[in-house]
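Enquirer: prediction below, plus the sequence it came from.
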Amino acid sequence: MRAAGRFVADVLTELKSRAAVGVNLLKLDAIAHEMIRARGAESCYIDYHPSFGASPFGKVLCTSVNDAVLHGLPHDYVLRDGDLVSLDFAASVDGWVADSAVSVIVGTPRPEDLRVIETTERALDAGIAAARVGSRVGDISAAIGQVAAEAGYSVNTDFGGHGVGRTMHGDPHVANNGRPNRGLPLRAGLVIAIEPWFLESTDKIVTDPDGWTLRSADGSRGAHSEHTVAITEDGPIVLTARARG
Ligand code: MG
């Protein structure tokens, strides 16, 4: 799974560097698609068609801009100064999946956008630190939820982290809030995606007419940070860790 993690990290590093004012979301998807082809990897998204999806996703990347926060379907949109864009990417390499997301601001940042991004990143770090043999899934959820609460964000627990393996989504569900010392015991060898996402002033979301893109109910912006993490006797290993930046 390290190979898959490294590849997903490389793609997000590239996309972060290419996301800029004037760049079309479809261009970012095309860059990711070309990297998948060059690596001989497989997209986890393109044929993805869960019960809540209107049709197969059809793209290899999620691009959620401003008040969109999850599952953003790339479309013909050119990034503008100050846009907050969340990039979520999962791929399979040699039959094993990794899943990761990062939020970036293109052009001039708004302070409240920097704050929500920084908080999701800190919540992700807290969740990873809690992913230890002998703890439980609820300890990860509680660690994430505590960071959110201290920053004043309310947490939506409808969508959260998940087991990762041969497929993108497996048990357990890793909610972004919860009670410590509850849920599945964490054992060495378990690999999970931990993915806090917070909205600036609500925990309610609505689905776009495209059937995928999840948007805040009040128009406030949101951010999303995700890593795929292996739980080992020696502590958590962040398989999708990027070089700085
Ligand atoms: Mg993801």
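Expert: Okay, I see it. Numbers count the residues shown, from 1 in each chain.

Enquirer: drop to CA atoms for contacts and neighbour counts, all remaining ones
Expert: Noted.

Enquirer: so what's the gap between the helix or strand containing residue 146 and the chain middle?
Expert: Using DSSP states H and E, the element containing residue 146 is helix 137-151. On the basis of C-alpha atoms, centre = their mean, to the nearest Å, helix 137-151 sits 16 Å off its chain's mean C-alpha point.

Enquirer: from here on, count from 55
Expert: Fine by me, first position is 55 from now on; the one you just mentioned is helix 191-205.

Enquirer: buried sites along it?
Expert: With burial defined by 16 or more other C-alpha atoms under 10 Å, the residues of helix 191-205 counted as buried are 191, 192, 193, 194, 195, 196, 197, 198, 199, 200, 201, 202.

Enquirer: which SSE is immediately downstream of that helix?
Expert: strand 215-217.

Enquirer: ok so, going back, tell me what the helix holding residue 200 is packed against?
Expert: Counting contacts by 3 or more C-alpha pairs under 8 Å, 6 or more residues apart in numbering; DSSP states H and E, helix 191-205 is packed against helix 165-183, strand 224-228.

Enquirer: buried ones in the shortest one, by neighbour count?
Expert: Within strand 224-228, the residues that count as buried by 16+ other C-alpha under 10 Å are 226, 227, 228.

Enquirer: the helices in this protein, which residues?
Expert: 56-72, 79-93, 165-183, 191-205 (DSSP state H).

Enquirer: so which residues on this protein come close to the ion?
Expert: Applying C-alpha under 5 Å from the ion, we find that the chain lies next to the ion at 142, 153, 154.

Enquirer: what's in contact with stretch 86-96?
Expert: Residues lying outside stretch 86-96 but in contact with it, judged by C-alpha atoms under 8 Å, 6 or more residues apart in numbering, are 65, 69, 97, 114, 115, 145, 146, 147, 148.

Enquirer: give me the neighbour count for the third one.
Expert: Spelled out, it's residue 97. Counted with other C-alpha atoms under 10 Å, residues neighbouring residue 97 total 22.
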